[in-house]
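>>> just coords:
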Ligand code: FES
């Protein structure tokens, strides 16, 4: 499934970028060798970042 249609970035690529340390959408774009264009995907990226943050906070408890 594509998260970013402008750049053809798939969900698994976003998750890999987050696992590699990306903490902001700009860092995800950079990790994928692209840049924001319409930015419609940024909300979805932020949601995936929040999910990761939540998972880490539960793991730390
Ligand atoms: S959908 Fe990602 S920049 Fe347009």
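That came through, no problem. For clarity, every value in this text was computed on a predicted model and none was experimentally measured. Numbering: from 1, shown residues only.

>>> got a list of contacts for stretch 22-38?
4, 6-7, 9, 13-14, 16-18, 20-21, 41-42, 45-46, 49 (Cβ atoms under 8 Å, 6 or more residues apart in numbering). C-beta here means a position set from N, CA and C on the backbone, and glycine is covered the same way.

>>> Most widely separated two among these?
The most widely separated members of those, counting by Cβ to Cβ, are 6 and 21 (23.2 Å).

>>> Neighbour count for the two, which is higher?
Remark: of residue 6 and residue 21, residue 6 carries more neighbours, 14 against 8, as counted by other Cβ atoms under 10 Å.

>>> Could you find the closest non-adjacent residue to the more buried one?
Distance criterion Cβ to Cβ, 6 or more residues apart in numbering; nearest residue to residue 6, sequence neighbours excluded, is residue 37 at 4.1 Å.

>>> For the biggest helix by length in the chain, buried residues please.
Counting residues, the longest helix found in the chain (DSSP state H) is helix 42-60. Using 16 or more other Cβ atoms under 10 Å as the test for burial, helix 42-60 gives 42, 45, 48, 49.
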